[in-house]
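> Need a 3D model of the following:
(one chain, ligands or ions: 2)
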Amino acid sequence: MKPSHPFIAASVAMSLSFGSAWAADSAKDKDPGFNGLDKDRDGYVSRTEAQANPQLAKQFATADTDHDGKLSRTEYLKVMAKEDFNSVKEKVGNLFDKNDSSSGSSTSKK
Ligand SMILES: [Ca+2]
Ligand SMILES: [Ca+2]
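Numbers count the residues shown, from 1 in each chain. Ligands and ions are numbered 1, 2, ... in the order given. Next up is the predicted model:
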């Protein structure tokens, strides 16, 4: 009997390094925008800080639902989620347009 299994030791070491890399990535993915915009790290994105994101700056008044002149993380996430939803809708719409035109031209196949 061998005292240890080199393969298992290597795979454990690999999974550990992958695990920490994954954790760092997911923390970044979780909210890169808000932390990036909140330069003074007071937990809010001010109107000045929002200028770094033109899309957000444009919708600042709409996004600031409690009208305190700054965006909380919740307000930011809400407006950005709406933004994502709109762009997804646009993409899906383009997809349908493409499908419509291609299905019209491919009817000769029979
Ligand atoms: Ca801030
Ligand atoms: Ca607010």
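> For the rest of this, base every contact and every neighbour count on C-alpha atoms.
Fine.
> got the contact list for Gly36?
Not one residue lies near Gly36 by C-alpha atoms under 8 Å, 6 or more residues apart in numbering.
> Now do the same for it: its pLDDT.
pLDDT for Gly36: 94.
> and what of Trp22?
pLDDT for Trp22: 53.
> Going along the chain, name the helices of the chain.
In order along the chain, the chain carries the following helices (DSSP state H): 6-30, 32-37, 47-50, 54-58, 60-63, 73-105.
> and those helices, which one is worst for confidence?
helix 6-30 - the lowest mean pLDDT of these, at a mean of 57.
> For this structure, what lies in contact range of ligand 1?
Neighbours of ligand 1 within the chain, by C-alpha under 5 Å from the ion: 38, 40, 42, 44-45.
> Quick check on those residues: which are buried?
38, 44-45 (16 or more other C-alpha atoms under 10 Å).
> Could you dump those into CSV and include distance to Asn53?
Below are these laid out as CSV (distance: C-alpha to C-alpha, whole Å):
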residue, distance to Asn53
Asp38, 11
Tyr44, 14
Val45, 11
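> which ones among those are found in strands?
Val45 (DSSP state E).
> Please list which of the buried ones among the residues of the chain next to ligand 1 also come close to ligand 2.
Okay, of these, nothing touches ligand 2 (C-alpha under 5 Å from the ion).
> What is the nearest of the buried ones among the residues of the chain next to ligand 1 to Asn94?
Using C-alpha to C-alpha, Val45 comes nearest to Asn94 of these, at 33.0 Å.
> Apart from its chain neighbours, what residue comes closest to Met80?
Distances taken as C-alpha to C-alpha, 6 or more residues apart in numbering place Leu56 nearest to Met80, at 7.8 Å, with adjacent residues excluded.
> Could you list which residues are in contact with the one you found?
Leu56 makes contact with 50, 79-80 under the criterion C-alpha under 8 Å, 6+ apart.
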